[in-house]
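>>> sequence-free structure coming up:
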């Protein structure tokens, strides 16, 4: 079975972020790279456009409480929308410290190789929207499987 490069797989929010996600900072435009020379000439960076949907790209950094490795605790999610998405209201946990619990809508993941000197399997995470998480019981994990690995490799295709 060949999976074309750049394939985006739909994924439920609870599978990617089993303990939820906490937004850090603000939603910002995802800008194209600009060289120092272009900056010196006073050129403005352009906002990236998603090649598949044609929508503008926005970035948001979230912390993943379920991350087992330190490098996975902070994740940048690319939001695809024509206008800047508005996150839900922040919750003050102590004076001067606010957190924004968020959930992503239309979540997709795209496998990719990450790392500089030491390579590892990572994912580009995209979403079409953000919302306040639904309140209720925490998602349950299947026994014996780490979070985020339920069902991997178990899908069969017809011959």
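Right, received. Where do you want to start? Predicted model only: the values in this text are computed from it and were never measured. Numbers count the residues shown, from 1 in each chain.

>>> Was I right to think residue 133 contacts residue 100?
No. If you go by Cβ atoms under 8 Å, residue 133 and residue 100 don't touch, sitting 10.0 Å apart. Backbone N, C-alpha and C define where each C-beta goes, glycine included.

>>> Residues in a beta bridge with residue 79, which ones?
residue 58, residue 127 (DSSP bridges).

>>> which residues touch it?
By Cβ atoms under 8 Å, 6 or more residues apart in numbering, the contact list for residue 79 reads 27, 57, 58, 59, 60, 85, 126, 127, 128, 129, 130.

>>> what about residue 39, is that helix, strand or coil?
Under DSSP: H, G, I helix; E, B strand; the rest coil, the three-state class of residue 39 is helix.

>>> all strands of this structure, in order?
Applying DSSP state E to the chain gives strands spanning 9-10, 21-29, 57-63, 74-80, 91-94, 97-105, 108-114, 120-127, 129-131.

>>> Same list, these, but as TSV with mean pLDDT and distance to residue 51 please.
Listed next are those as TSV, based on pLDDT from 0 to 100; distance: least, Cβ to Cβ, whole Å:
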stretch	mean pLDDT	distance to residue 51
strand 9-10	95	17
strand 21-29	92	17
strand 57-63	95	10
strand 74-80	95	11
strand 91-94	85	36
strand 97-105	91	20
strand 108-114	91	12
strand 120-127	91	12
strand 129-131	94	19
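
>>> any idea how far residue 49 is from the residue nearest the centre of the chain?
Central residue of the chain (Cα atoms, centre = their mean): residue 77, 2.7 Å from the mean position. Distance, residue 77 to residue 49, using Cβ to Cβ, to the nearest Å: 17 Å.

>>> buried residues in stretch 41-59?
48, 56, 57, 58, 59 (16 or more other Cβ atoms under 10 Å).
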